[in-house]
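Trainee: Predicted model follows, preceded by the sequence.
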Amino acid sequence: MATHEPEIREPVDLCLPDGRRLNPAARGWSRRPLHRANLAGAWGRTKRWDWWGVLAGELTLSVVYADVDYIGIAGVWWADLAKGTSGGRDTIVPLARGLRLPEHPGTEPLRYRAGGMELDLCDDDAGTTLRARWREKDGTPGELEARVAQPEGHESLNVVIPWSETRFQYTSKHQARPAQGVLRVGDASWSFGGDRGDAWGVLDVGRGRWPYRTRWNWGGGAGRLADGRTFGLQIGGKWTDGTGFTENGMIVDGRLEKLGDELEWDYDWDAPLRPWKVRTPDGRLDLTLEPIYDKHSRTELLILGTEVHQAFGRWAGSFTRENGETLEIRDLQGFAEESRSRW
């Protein structure tokens, strides 16, 4: 059985008209973004973000635009996985002044210009353009120009995770979207996608109201099967436990297959470069990530704090589809993480 959660097929408000309580009709999942995040009030618990990633062989990068009430973040990060080098810049914005994320994600450009950072995230019907300029810690200039396509009919995993009527999260996770562009840092440059080989865009949209202490797992990946079909991996855990809803699903040639089971995660927080194993209780999904790079970040800001291990590498294993076909997964670019936060 693929999933037990109700599928939402029409636009719906995330909250009741007061903007504070979860709309019962919003509980469920959809194949494309349908929720309007009409959040209001409850300052301090409301979190909004768009996080973009690109998986491009030896190169991985991310762009974040976030408002978590106490602070805002506008940033770029990159890593050359083969060389073990990384860089980028995060700009911390007190009280998230000047940062705005729309109720309908992707309907307004996201722009930021301050603190040595220029950031533009602009959507259209065919995809999203990511542009950024910044200076590294040593003053070296950096520049990103990327395009993440939205192929016609390509589905995403959109779901509301309900802890209670006043604590809930709408997430929209996009995997296996074709990407191409160029990253420049000083005299070095990396071109990706198009004629230079497969590169894949990842999008994590968050709109909701969180408890103060949280832990989550998230994983993703993309690539091609032996027969040339595209495969996207979207998995999560911990933060969804006990809610009856999950953010788990596989995308085969653009079509989402939702999984309702909580996953079994097996890894070592203190040794994140050891394998990360993820499976369903019945073994329908059984995957292992062999990491080659750990992005370890830790931030402490008085009452706020977060620590994350995000391991990048290659996934391998198997997935049995709803029609009984078993797919062999080999050499799939991807990542897995655990985040621990007070926010």
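Mentor: In hand now; what should we look at?

Trainee: what's the first-to-last distance across stretch 233-248?
Mentor: One end of stretch 233-248 to the other measures 8 Å (C-alpha to C-alpha, to the nearest Å).

Trainee: State the mean pLDDT of that stretch.
Mentor: Mean per-residue pLDDT for stretch 233-248: 97.

Trainee: ok, now stretch 287-297?
Mentor: Per-residue pLDDT over stretch 287-297 has a mean of 97.

Trainee: what's the distance between it and the middle of its chain?
Mentor: 15 Å (C-alpha atoms, centre = their mean, to the nearest Å).

Trainee: do stretch 227-243 as well
Mentor: Counting by C-alpha atoms, centre = their mean, stretch 227-243 comes out at 11 Å from the chain centroid.

Trainee: buried residues in it?
Mentor: Residues of stretch 227-243 classed as buried by neighbour count (16 or more other C-beta atoms under 10 Å): 230-240, 243. Where you see a C-beta, it was placed from the backbone N, CA and C, and this is true even at glycine.

Trainee: How about stretch 169-183?
Mentor: Using 16+ other C-beta under 10 Å as the test for burial, stretch 169-183 gives 169-181, 183.

Trainee: So which elements touch the helix or strand encompassing residue 220?
Mentor: Assigned by DSSP states H and E, residue 220 falls within strand 213-224. Helices and strands touching strand 213-224, by 3 or more C-beta pairs under 8 Å, 6 or more residues apart in numbering; DSSP states H and E, are strand 46-56, strand 168-185, strand 200-209, strand 230-237, strand 326-342.

Trainee: 7 Å - rerun?
Mentor: strand 168-185, strand 230-237, strand 326-342 (3 or more C-beta pairs under 7 Å, 6 or more residues apart in numbering; DSSP states H and E).

Trainee: Using CSV, write out every CA atom in that strand.
Mentor: Provided in CSV are the C-alpha atoms of strand 213-224 (Å, rounded to 0.1, in the frame of the first residue of the first chain):
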residue,chain,number,x,y,z
ARG,A,213,13.0,22.2,20.1
THR,A,214,13.0,20.1,16.9
ARG,A,215,15.0,17.2,15.3
TRP,A,216,14.6,16.0,11.8
ASN,A,217,16.1,13.8,9.1
TRP,A,218,15.9,14.7,5.5
GLY,A,219,17.4,13.0,2.4
GLY,A,220,17.2,13.4,-1.3
GLY,A,221,18.8,12.5,-4.5
ALA,A,222,18.4,12.2,-8.3
GLY,A,223,19.8,10.4,-11.3
ARG,A,224,19.0,8.0,-14.1
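
Trainee: Name every strand pairing with it and say which way it goes.
Mentor: When pairing is defined by DSSP bridges, strand 213-224 lines up against strand 230-237 (antiparallel), strand 326-342 (antiparallel).

Trainee: got the angle for it vs strand 168-185?
Mentor: Using axes from the mean of the first three to the mean of the last three C-alpha atoms, to 10 degrees, the inter-axis angle of strand 213-224 relative to strand 168-185 is 60 degrees.

Trainee: Residue 168 touches residue 22, doesn't it?
Mentor: Yes - taking contacts as C-beta atoms under 7 Å, residue 168 lies within contact range of residue 22: 4.5 Å.

Trainee: where do the contact lists of these two overlap?
Mentor: residue 162 (C-beta atoms under 7 Å, 6 or more residues apart in numbering).

Trainee: rewinding a little: now, which of the buried residues of stretch 169-183 sits nearest residue 223?
Mentor: residue 176 (8.0 Å; C-beta to C-beta).
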